[in-house]
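In: Kindly return the folded structure for what I paste below:
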Amino acid sequence: MTAGLVTFSTHVLDATTGRPAAGIRIRLDRSLADGGWAPAAEGQADADGRLRLPDGLEPDGLEPDGLEPGVYRVTFGTGAYFAARGSASFYPEVAITFSAMAPGEHCHVPLLLSPFAYSTYRGS
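Out: Numbering: from 1, shown residues only. Here you go, the predicted model:
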């Protein structure tokens, strides 16, 4: 990783099965100065429910070794994930906004989800 860039990872667990949320779609957007959002990367969780940038995401015009420091939003496709398993879901998606400001920082954003609730925290 280039010293001035940050890395990102997530781990998604399905609380209804007690298993990783394999295959869930994940999108990462970067905050713009005008208040909008620009696509940064997207991908899907592996068999263990994990995804890491730069390894697991498809970057959209980003440095191959990480992200510029800034504010990001990670969006999980929870509705489609549960629909594919034949389950209704209250949240069509879960979006978490976080700051990754320190050069060289690693940001880990885990997600524990069920069809009607979710929780997250800053991981390590």
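In: helix/strand/coil for Ala40?
Out: What DSSP: H, G, I helix; E, B strand; the rest coil gives for Ala40 is strand.
In: Touching, it and Leu32? I think so.
Out: No - in this structure, Ala40 is not within contact of Leu32 by Cβ atoms under 8 Å, at 10.9 Å. Yep, even glycine has a C-beta here, placed from its N, CA and C like the rest.
In: These two: who's more crowded?
Out: Set Ala40 next to Leu32 and count neighbours by other Cβ atoms under 10 Å: Ala40 wins out with 23 against 11.
In: which non-adjacent residue is nearest Leu5?
Out: In space, and not counting its chain neighbours, Leu5 is closest to Gly66: 3.2 Å by Cβ to Cβ, 6 or more residues apart in numbering.
In: The residue nearest the centre of the chain bridge partners, please.
Out: In the chain, the centroid-proximal residue (Cα atoms, centre = their mean) is Val74; its distance is 4.2 Å. Beta-bridge pairing for Val74 (DSSP bridges): Leu28, Ile96.
In: so who does it touch?
Out: If a contact means Cβ atoms under 8 Å, 6 or more residues apart in numbering, then Val74 has 8, 10, 26-28, 95-96, 98, 109 as its contacts.
In: Least confident of those residues?
Out: Minimum pLDDT for the contacts of Val74 is recorded at Phe8 (90).
In: Name the SS class of that one, please.
Out: Of the three states, Phe8 takes strand according to three-state DSSP.
In: do Tyr81 as well
Out: With three-state DSSP as the basis, Tyr81 sits in helix.
In: Tally up the residues packed near it, please.
Out: Counted with other Cβ under 10 Å, residues neighbouring Tyr81 total 24.
In: Mind pulling the model confidence for the closest residue in space to it that isn't next to it in sequence?
Out: Excluding the flanking residues, the one nearest Tyr81 by Cβ to Cβ, 6+ apart is Ile24, at 4.4 Å. Predicted confidence (pLDDT) for Ile24: 97.
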